[in-house]
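Participant: Build me a structure from this.
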Amino acid sequence: GGVGAAHGILIKGGDVLEHAAGVDTICFDKTGTLTTGNLTVAQVLRWAADITEKVLMRAVGSAERGSEHPIAKALTSYAQLIGVQTVEPEDFVTSAGQGLQCVVDSRAVLLGNRSWIMENGLLLSVDQEEQVRSLENKGH
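Facilitator: Below is the predicted model:
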């Protein structure tokens, strides 16, 4: 959350704003660096064989359904797009700027940034980390 997110602006860390204070010129290329602010889900990576994309997106869409954060909106829109019905999450707890945890359909749900996920004991395998890094390098 935060004021920036409420206005569709995502800033990766406070240090970025501190550095921006000294900027007097910005140059943009024409390859799609700028977006309209309407984030969309480009790809769903699923590493648990017993969880379908719809089950995963029901959990994610349910967890994020009350949020105005641009990423949450993209996730809930995608859940709707694939025909998933969301439910009210239980035991909802949020950590500002980090992530959230709740229970959906008797399953624990943990969503958030990489450090939040790691702090909560979830680590990616080398192969999973490689898949994520590849997508990040493509701007996803």
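Participant: would you list every one of the strands in the protein?
Facilitator: 90-95, 99-104, 107-112 (DSSP state E).
Participant: strands paired with the first one, and their directions?
Facilitator: Sheet pairing here is set by DSSP bridges, and for strand 90-95 it gives strand 99-104 (antiparallel).
Participant: got the buried residues for the strand it pairs with?
Facilitator: 99-102, 104 (16 or more other Cβ atoms under 10 Å). For glycine as for every other residue, the C-beta is placed from the backbone atoms N, C-alpha and C.
Participant: repeat for stretch 61-79
Facilitator: Here stretch 61-79 shows 61-65, 67, 69-70, 72-76, 78-79 as buried, counting by 16+ other Cβ under 10 Å.
Participant: Just give me the closest of the residues you listed to E119.
Facilitator: Using Cβ to Cβ, A63 is the member of the buried residues of stretch 61-79 that lies nearest E119, at 17.5 Å.
Participant: ok so, going back, any chance of the strands of the chain in TSV, with distance to L39 and mean pLDDT too?
Facilitator: Shown next, in TSV, are the strands of the chain (distance: least, Cβ to Cβ, whole Å; pLDDT from 0 to 100):
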stretch	distance to L39	mean pLDDT
strand 90-95	19	93
strand 99-104	17	95
strand 107-112	15	94
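Participant: Looking at those strands, which is nearest to V44?
Facilitator: Short answer: strand 107-112, nearest of these by Cβ to Cβ, at 13.4 Å.
Participant: how about that closest one: buried residues?
Facilitator: Of the residues in strand 107-112, 109, 111-112 count as buried by neighbour count, 16+ other Cβ under 10 Å.
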